[in-house]
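**Student:** Have a look; sequence and predicted model below, questions after that.
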Amino acid sequence: MNLREKKIVSLFAVFAGLFGITPTAYAMHIMEGYLPPKYCIAWGVICLPFLAAGYFAIKKQAAQNRKSMTLLAMAGAFVFVLSSLKIPSVTGSCSHMTGTGLAAILFGPFAVSILGIIVLIFQATLLAHGGLTTLGANTFSMAIAGPILSYGIYILCKKLKVNNNAGIFLAASIGDLFTYCITSFELALAYPSANGGVVVSALKFLGVFAPTQVPLAIIEGILTVIIVIGLETYAKSELIGIGYMDGGVK
Amino acid sequence: MEIDLISYASKIRGWNAAFKVSFAVLLMILCIGLNNPYVSAAVIIGMAYLIVVKGGLSVREYLLVLAIPISFILLATITIAVDFAWKPIGQYNLHLGFFYIFTSLEKLEEAIFMILKVFAAVSALQMMTLSTPSSEIISVMRKAHIPKLIIELMNMIYRYIFIILDVYSKIKNSADSRQGFCDFKTSLHTFGGIASNMLVISVKKANGYYDAMEARCYDGEMIFLEEDKKITMIQFISAAMFISVLFLIWGFTK
C-alpha cells in the first residue's frame, strides 16, 4: 500500500467505526457529567419560563376538570413508552422515536414542556439515558425547542391548507432535526473548537450525529403520520377528549 | 425496566432515600465542578464499591448498565479530541481531500479525562437509581418542595408506564405472530398501528382509573405509605469522609 491508499483505508476505518456504533439508542440525550456547571445552570434557567407556562396551563386545566390529570399522566407515560420502544430500521441498528413531535401535535406545546421534563427524569432514572445535571439542556432541546417548532409548523401547515398528513410529517421530522441541531449547539457552546470556535465545533457535532439522526428524523415523521392516521380512524372521540381537533382539523 | 428491578433487589435499599439522593447529587456536582481526573477515578471506585459490594449487584450486570451511555460518550469525546483545519497543524493529522483532521496529545488527554468525568458522574447517578426505587425518589422530590401537581403527575406516570408496557408487549406479540414485522415497510405500518392503539387503550384506561380514584375520594393528592428509614451515624460519617477525601485529592493534584 502506498501512502494514499493507507489514508483511504484509514478514512474508511473511521467511518466504519462510526457506523459500527450506530446503535446509538438515545444518542441525543446529553449524558450526566458532560456539561460544565455554568452551562447546566444556564440551560436550566432558560427552561424556567417555559416550564412555568406549562405548569400554569396544566394547573388551569386540572382546576377545570380533574379528569385531565389522569389523561395527562397517561399521555406522559405514553410518550415515555413510545420513546423506549425500538423502531423498525433499515440497518438493523436499534433506534428510538423521540415522540415529542407527536405529543406536541396532540397535547399542545405547553403541556409537553412539563410532560417532557418528567419523561426525561424517568429516562435518567429508569433507563440510564441523560442525567440530572444535564436535565436543563436536555429539557430545552427535547421538551421545549423541538415541540414548539413542531407545533408551529403544524399550525402553519394547517393555516396554509397544506395536506394534513404532509403537515404532520413536516412537523414531526423538522422538529426532530431541530432538536438534534439544538443539542449539537449546546454541546458546541460548552466545548468550542480550539481552531474556529463554536461554529466549527457545532459543525463537528452535527456531522458526528448526522448518520443516526437524519434517517431517524425521516422515520419519525413517517411513523407520526401513520400513528395520527390510525388515531383519526379509530379514536375520534378520544382525540376530541384530549384537545386535538379543537381547532377544526378536518 | 431492568434498573427498576435491580433497585428493588438492592441490599442498600434500606438506606434513607433522601440521604442517597443528596449524596449522589453532591457527588455529581463535585465531579463536574472540580473537573479533576483523580477525583473522577475516586468517585468511580467508590460508587462501584457501594453498588457491587454493599448493594450486592453482580459486576457483570453493573457493567451492562454502565455501558448504556457508551455510544454517546464515544461519539461526543471523539468530537472533542479531533478538530478540522485547512492546513496541516497539530501533532497528528490526516489529510481528507480539502481539509485536515488533526489532534494532539493534549486533546487526547482532555478526551480521556472527559470520559473519566462522565463515567464518574454516571456512576454516582447509578448509585442512586440502582438502589432507590423511583417511588422513593419521587417522595424525596416531594420533600424538596417540588410543586404538588408535578409530584402527582410523576406518581401517576410512573405507575402508568408499566401498564402501557404490558399493553405494548401483548399487542406486539400478536402482531409478530401474524408476520407484522416481516419487512421494513410492514414493520413501519405495524409499529404505527401499535402506537396508535396503545394511545387509544391508554386513554380508555385513564378514564377507568379516574373513575376508580374518584370512587375512593381522590381530591388531587395521592398519599402513599412510606417506610421510615433512618440515617445511621456511620453512613453519615463515611459519606462526609468520602467527600473530604475527594477535596483532599483535588487539593493535592490541582
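**Tutor:** Arrived safely.

**Student:** which residues of chain A fall in strands?
**Tutor:** A:86-87, A:95-96 (DSSP state E).

**Student:** now the last one: mean pLDDT?
**Tutor:** If I follow you right, that is strand A:95-96. Mean pLDDT, strand A:95-96: 74.

**Student:** Let me have the strands of chain A in CSV, adding mean neighbour count and distance to chain B as columns.
**Tutor:** Every C-beta, even on glycine, is put in place using the N, C-alpha and C of the backbone. Formatted as CSV, the strands of chain A follow (neighbours: other C-beta atoms under 10 Å in any protein chain shown; distance: least, C-beta to the nearest C-beta, whole Å):
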stretch, mean neighbour count, distance to chain B
strand A:86-87, 16, 6
strand A:95-96, 21, 11
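
**Student:** Any chance of those in TSV with distance to B:S177 as columns?
**Tutor:** Shown next, in TSV, are the strands of chain A (distance: least, C-beta to C-beta, whole Å):
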stretch	distance to B:S177
strand A:86-87	18
strand A:95-96	24
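
**Student:** out of those, which comes closest to A:F169?
**Tutor:** strand A:86-87 (15.4 Å; C-beta to C-beta).

**Student:** Pull the contacting residues for A:R66.
**Tutor:** Going by C-beta atoms under 8 Å, 6 or more residues apart in numbering or on different chains, A:R66 touches B:210, B:214, B:218, B:220.

**Student:** Show me the one of the strands of chain A that comes nearest A:L160.
**Tutor:** Here strand A:86-87 is closest among these (C-beta to C-beta), at 29.4 Å.

**Student:** Please list the residues outside the closest one that contact it.
**Tutor:** A:94-97, A:219, A:223, B:191.

**Student:** any chance of those in CSV, plus distance to A:M74?
**Tutor:** Shown next, in CSV, are the contacts of strand A:86-87 (distance: C-beta to C-beta, whole Å):
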residue, distance to A:M74
A:C94, 26
A:S95, 25
A:H96, 20
A:M97, 18
A:I219, 25
A:L223, 20
B:F191, 20
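
**Student:** Helices of chain B, residue ranges please.
**Tutor:** B:2-9, B:17-34, B:37-48, B:59-66, B:70-81, B:105-129, B:134-143, B:148-177, B:184-215, B:233-253 (DSSP state H).

**Student:** The fifth one - what's its average pLDDT?
**Tutor:** When you say that, I think you mean helix B:70-81. 77.

**Student:** Name the residues of it that are buried.
**Tutor:** B:71-81 (16 or more other C-beta atoms under 10 Å in any protein chain shown).

**Student:** Show me what that helix is packed up against.
**Tutor:** helix A:197-234, helix B:105-129 (3 or more C-beta pairs under 8 Å, 6 or more residues apart in numbering or on different chains; DSSP states H and E).

**Student:** The longest one now?
**Tutor:** With contacts defined as 3+ C-beta pairs under 8 Å, 6+ apart, helix B:184-215 has these neighbours: helix A:67-84, helix A:197-234, helix A:236-241, helix B:148-177.

**Student:** Could you rerun that using 6 Å?
**Tutor:** helix A:67-84, helix A:197-234, helix B:148-177 (3 or more C-beta pairs under 6 Å, 6 or more residues apart in numbering or on different chains; DSSP states H and E).
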